[in-house]
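Engineer: Starting from these lines, generate the structure:
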Amino acid sequence: MHPTLSHYLARAAVMCAHDPACPAADAIDWWAARNIAEQPGQGWTLLCNGALVFDDHGALLPDGRVAAISAAPRTRLRAGDPL
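Structural biologist: Sure, this is the predicted structure:
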């Protein structure tokens, strides 16, 4: 029997013990937190900061907000580059 999602969410509620610590769920780079559980057959991954990320790049943050991760890589603009 597989652990339930609530089991994983309870585990994620514990403060991150990684070194360096994973970004918090309200940080600009929240998606960079480490994976602590995944169910590829169900299409989700739980990050250390409590964010639940889905295969379609959507996410549910611990406070209930919905977020998205862009599939397209973002490039940094250099000074003088057109916007």
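
Engineer: C-alpha only now, for contacts and for neighbours.
Structural biologist: Will do.

Engineer: Which helix or strand lies directly C-terminal to the helix or strand bottoming out on mean pLDDT in the chain?
Structural biologist: Taking mean pLDDT, DSSP states H and E as the measure, the chain has helix 5-12 as its least confident helix or strand, at a mean of 54. Where DSSP states H and E defines the elements, the next helix or strand beyond helix 5-12 is strand 35-39.

Engineer: What residues of that following strand count as buried?
Structural biologist: Going by neighbour count (16 or more other Cα atoms under 10 Å), the buried part of strand 35-39 is 35, 37-38.

Engineer: packing partners for it?
Structural biologist: Judged by 3 or more Cα pairs under 8 Å, 6 or more residues apart in numbering; DSSP states H and E, the packing partners of strand 35-39 are strand 44-47.

Engineer: what sits up against the strand it packs on?
Structural biologist: Residues from elsewhere that reach strand 44-47, judged by Cα atoms under 8 Å, 6 or more residues apart in numbering: 8-9, 12, 31, 33-39, 52-55.

Engineer: where does the protein dip in pLDDT?
Structural biologist: The chain contains residues with pLDDT under 70 at 1-15, 71-83.

Engineer: Closest one to residue 64 out of the contacts of strand 44-47, please.
Structural biologist: Set against residue 64, the nearest of the contacts of strand 44-47 by Cα to Cα is residue 52 (10.2 Å).

Engineer: from memory that closest one sits against residue 59, does it?
Structural biologist: Yes. Using Cα atoms under 8 Å, residue 52 makes contact with residue 59 at a distance of 5.5 Å.

Engineer: which one of the contacts of strand 44-47 is nearest residue 21?
Structural biologist: Among those, and counting by Cα to Cα, the member closest to residue 21 is residue 33, at 8.4 Å.
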